[in-house]
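Participant: let's see this in three dimensions:
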Amino acid sequence: MTNYSSESPEYISNGHYKIDGVEFMSVWTFKNAHKMTMKSKNPNEGKDLAAKCDVKYKTKPDFGSFDFIYVYPISELEDYYGV
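Facilitator: Down below sits the predicted model:
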């Protein structure tokens, strides 16, 4: 699995990437973009999505205490959160 970071050409912004023409976001970035609350649930929701989603990539977050995070296709996040 390829790892991405802010140094990658696919990087758009923190937790937002365009990989092979498809936009991907982290749970945190997606929820921020849609003004969703309950950020304390992000790690559990991320684990749930990681188990369900076949296409995901590891990325290095711009800040925070995590060594890596996953980004998921925006369409998968929309389905998961009903947006």
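
Participant: for the nearest residue to H34 once chain neighbours are set aside, grab the count of nearby residues.
Facilitator: The spatially closest residue to H34, leaving aside those adjacent along the chain, is V83, at 5.7 Å (CB to CB, 6 or more residues apart in numbering). To be clear about C-beta, it is placed using only N, CA and C from the backbone, and glycine gets the same treatment. The criterion is other CB atoms under 10 Å. On that basis, V83 has 12 neighbouring residues.

Participant: and the pLDDT at V83?
Facilitator: At V83 the predicted local confidence, pLDDT, stands at 91.

Participant: M1 now?
Facilitator: The predicted local distance difference test score for M1 is 61.

Participant: again with D67
Facilitator: The predicted local confidence for D67 comes out at a pLDDT of 88.

Participant: count the neighbours of it for me.
Facilitator: Counted by other CB under 10 Å, the residues lying close to D67 total 8.

Participant: in the sheet, who's paired with F24?
Facilitator: Residues found in beta-bridge contact with F24 (criterion: DSSP bridges) are Y17, P73.

Participant: kindly apply the preceding question to T59 instead.
Facilitator: Counting by DSSP bridges, T59 forms beta bridges with Y4, I69.

Participant: tell me the contacts of it?
Facilitator: Taking CB atoms under 8 Å, 6 or more residues apart in numbering as the definition of contact, the neighbours of T59 are N3, Y4, S5, G15, Y17, S26, F68, I69, Y70, V71.
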